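sequence and predicted structure, then a few things I'm wondering about:
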Amino acid sequence: MADLFEDYRLGPGWDEMFGEPGMPRQTYEALHATLQPLSSGELGIRAEVLAAAFLDQGITFALKGVERPFPLDIVPRIIAAHEWRAVEAGVAQRVRTLEAFLADIYGAGQVLADGVVPRRVVVTSAHFHREAAGINPHNGVRIHVAGVDLIRDEQGRFRVLEDNVRVPSGVSYVMENRRAMAHVLPEVFAATRIQPVESYPGQLLRALRAAAPAGTADPTVVVLTPGVHNSAYFEHALLAREMGVELVEGRDLVCVGNDVAMRTTAGEQRVDVIYRRIDDDFLDPVHFRADSVIGVAGLLNAARCGRVTIANAVGNGVADDKLLYTYVPELVRYYLDEEPILPNVETYRLEDPDVLDHVLDRLDQLVLKPVDGSGGAGIVIGSKAGDEELAELRRQITADPRGWIAQREVALSMVPTLVGNRLRARHVDLRPFAVNDGQRVSVLPGGLTRVALPEGALVVNSSQGGGSKDTWVLAEAPSAAVPVDLTTGAEPDAPEAAAPPLVPAPRSPDPGPDSALVAMQQRQQQQAARPGRPPVTPGGGEDEGRDHRRRAC
């Protein structure tokens, strides 16, 4: 064996390439055969080419305020076709369940009346917004895009780690990772049938157009970004370009008479669908943060009147709450009358005093997570925490049991990763992306594999310094790359042509808000902690402000 695998040790988790030392699994045989004869120098040169390509193309991610190339490891992750069928079906099942749940809690609330989910779990969630009640999307879709985070446990079984149905990010790196890898490992691509990922922008555009308000023959779709200071701005720009639609900021849009228009050189043009990448709190200063300068005043009123569709819908974050996550298997049975295909990680609800006492006695053996955290922020892995950190954690949990969940520490599966000039086992997770057009839930083959680069680290989030891998889903036959309806098996209709790019919006002669304030809010919307609600507009009481926010159509 080449020196790349010299001293390669199987880690504590499921090794996805090797079943035994030096014996690759069938899924990885072609890749192993390609890597084995390479020297560390040869693979290192290819890795340098890969990193340079990302840097030259501006494929970056902001970490602690510093733009850097998004780390892409040269060794891909491979998933067999039969394994992917279960993942695909399980993710689609989860999305359909959460769609039904969101429609229910912002509508009749039958799931609460039936006691399947305690009412307090919903109404105490930081991301449950009563402002979203009564907003009924034209085609019934609230989750246009979902990212469901999965891990493989010690036996290699896929489990759901968390759901992301607010503004999930990362799909741009899936597409760019594939393009880059095709250049640095062409011999593996030639020998392996890999399901493609380049169809995603077309799928997303079809779903967004299908969500347009009733009676819209040729909908205008835009991507709403908080701006260049956002860590995912590269993705916003890429998706807008690939879909052939405008990338806009809040100052480019205006609401008049519950219609939303985009300023262009030819005048104002009506907008029908907004794929927003701005958090709820900053989206509409009339209803949420009054000091937001990156949102669009009146946008929620326009959505309530059915004049524009916001994708993903406002208020979806309640389905991301990690306490609600513990109820999803029960929700699958309640709404779909099915058994969950993908199980959760074993999780403790700390509101039960007996459970809380049990967890407090085992803090050094569990993983503790804030229920409204994101990007890996706030997670404490008990076995790696010091006495002072555990003492502070105990104090926080005791003061606010609703704000935390506890999970057993899972040894995430491992994939060989280039570290220095050797391949070493590193922990990974997987975020498949699903698109819902109201008729079917399509799951992009593969998704974003994130890898924890430090030895033994379990937090893989990009915002915590993790990297990524290209994820290859093997095809059983050439036709397997065609997406199918997950419920009927039917192939989708022919893709619609992407709409031509619109005329760029000019800058208003008004200098607009202070640039420092804009930059601050672009960054601030990514913080895990939900800021307090600002006071109502001076001159009006609280009731008066509420009446203004719920203005009649």
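On my side now, so go ahead.

quick check: which ranges of the stretch 1-150 of the chain have low pLDDT?
Applying pLDDT under 70 to the stretch 1-150 of the chain flags the ranges 1-3, 60-69.

how about the strands in it?
For the stretch 1-150 of the chain, strands defined by DSSP state E, counting those that start in this stretch occupy the ranges 18-20, 23-24, 60-63, 66-69, 72-79, 145-152.

next, the buried residues of the first one.
Going back to what we said before, that points to strand 18-20. residue 18 (16 or more other C-beta atoms under 10 Å). Every residue, glycine included, has its C-beta placed from N, CA and C.

below-threshold pLDDT in the stretch 301-450 of the chain: ranges please.
Those would be 375-376, if you go by pLDDT under 70 across the stretch 301-450 of the chain.

mind doing that once more with 80?
Confidence mapping of the stretch 301-450 of the chain against pLDDT under 80 gives the ranges 373-377.

between strand 145-152 and the lengthiest strand in the chain, find me the angle.
Assignment by DSSP state E gives strand 422-431 as the longest strand of the chain. Put simply, strand 422-431 runs at 130 degrees to strand 145-152, going by axes from the mean of the first three to the mean of the last three C-alpha atoms, to 10 degrees.

dump the strands of the stretch 1-150 of the chain to a markdown table, plus distance to residue 210.
A markdown table is the format used below for those (distance: least, C-beta to C-beta, whole Å):
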| stretch | distance to residue 210 |
| --- | --- |
| strand 18-20 | 44 |
| strand 23-24 | 43 |
| strand 60-63 | 31 |
| strand 66-69 | 35 |
| strand 72-79 | 29 |
| strand 145-152 | 13 |
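
mind checking those strands for the one nearest to residue 231?
Residue 231 lies closest, by C-beta to C-beta, to one member of those: strand 60-63, at 3.8 Å.

now do the same contact list for the nearest residue to residue 432 once chain neighbours are set aside.
Of all residues not flanking residue 432 in the chain, residue 447 sits nearest, at 3.6 Å (C-beta to C-beta, 6 or more residues apart in numbering). By C-beta atoms under 8 Å, 6 or more residues apart in numbering, the contact set of residue 447 is 147, 174, 430-433, 471.

the spatially most central residue of the chain and residue 140, how far apart?
In the chain, the residue lying closest to the centroid (C-alpha atoms, centre = their mean) is residue 168, at 2.5 Å. Between residue 168 and residue 140 the computed distance is 20 Å (C-beta to C-beta, to the nearest Å).

please enumerate the helices of the stretch 51-200 of the chain.
Counting by DSSP state H, counting those that start in this stretch, the stretch 51-200 of the chain has helices at residues 81-105, 110-113, 119-123, 171-184, 186-191, 200-210.

closest to residue 416 out of those?
helix 186-191 (13.7 Å).

buried residues in the closest one?
Result for helix 186-191 [16+ other C-beta under 10 Å]: buried residues 188-189.

ok, now stretch 398-405?
401, 403-405.

now do the same end-to-end measure for it.
Chord length of stretch 398-405, first to last residue, is 12 Å (C-alpha to C-alpha, to the nearest Å).

quick check, nearest of the buried residues of stretch 398-405 to residue 132?
Closest to residue 132, out of all of the buried residues of stretch 398-405 and judged by C-beta to C-beta, is residue 403, at 22.1 Å.

what residues are up against the closest one?
Residue 403 makes contacts with 370-372, 396-397, as judged by C-beta under 8 Å, 6+ apart.

out of those residues, which is most surrounded?
Within these, most neighbours by other C-beta atoms under 10 Å means residue 371, with 23 neighbours.

residues in contact with that one?
Contacts of residue 371 by C-beta under 8 Å, 6+ apart are 125, 321-323, 402-405.

the closest residue to residue 155 other than its chain neighbours - how many residues pack around it?
Take residue 155 and drop its neighbours on the chain: the residue closest to it by C-beta to C-beta, 6+ apart is residue 14, 6.8 Å away. Using other C-beta under 10 Å, residue 14 has 19 neighbouring residues.

what of residue 468?
So residue 468, with other C-beta under 10 Å, has 24 neighbours.

one more: the one 3 residues further on?
Residue 471 is surrounded by 27 other residues when neighbours are defined as other C-beta under 10 Å.

you'd agree it is in a strand?
Yes - residue state for residue 471 (DSSP: H, G, I helix; E, B strand; the rest coil) corresponds to a strand.

enumerate every residue touching it.
Counting by C-beta under 8 Å, 6+ apart, residue 471 has contacts 76-79, 174, 177, 430, 446-449.

for it, list each beta-bridge partner.
Here residue 471 sits in beta bridges with residue 77, going by DSSP bridges.

tell me the spacing between residue 38 and residue 84.
27 Å.

returning to that earlier point: among the strands of the stretch 1-150 of the chain, which is nearest residue 259?
The closest of the strands of the stretch 1-150 of the chain to residue 259 is strand 145-152. By C-beta to C-beta, the value is 24.8 Å.

show me what the closest one is packed against.
helix 81-105, strand 158-164, strand 422-431, strand 433-436 (3 or more C-beta pairs under 8 Å, 6 or more residues apart in numbering; DSSP states H and E).

which helices and strands does the third one pack with?
Under the contact definition 3+ C-beta pairs under 8 Å, 6+ apart, strand 422-431 sits against strand 72-79, strand 145-152, strand 158-164, strand 414-419, strand 448-451.

how about those strands in a markdown table, adding mean neighbour count and distance to residue 282?
Putting the helices and strands packed on strand 422-431 into a markdown table (neighbours: other C-beta atoms under 10 Å; distance: least, C-beta to C-beta, whole Å) gives the following:
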| stretch | mean neighbour count | distance to residue 282 |
| --- | --- | --- |
| strand 72-79 | 24 | 30 |
| strand 145-152 | 23 | 19 |
| strand 158-164 | 21 | 18 |
| strand 414-419 | 22 | 36 |
| strand 448-451 | 25 | 25 |
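
if you drop the residues flanking it in sequence, what lies closest to residue 201?
Per C-beta to C-beta, 6+ apart, closest to residue 201 is residue 242, 3.6 Å.

which is the succeeding secondary structure element to the one helix or strand the one you found maps to?
Secondary structure from DSSP states H and E places residue 242 in helix 233-243. Using DSSP H and E, the helix or strand that follows helix 233-243 in sequence is strand 246-248.

just checking: what are the partner strands of whichever helix or strand comes after that next one?
Moving toward the C-terminus from strand 246-248, the next helix or strand (DSSP H and E) is strand 253-256. Take DSSP bridges as the rule and strand 253-256 pairs in its sheet with strand 259-264 (antiparallel).
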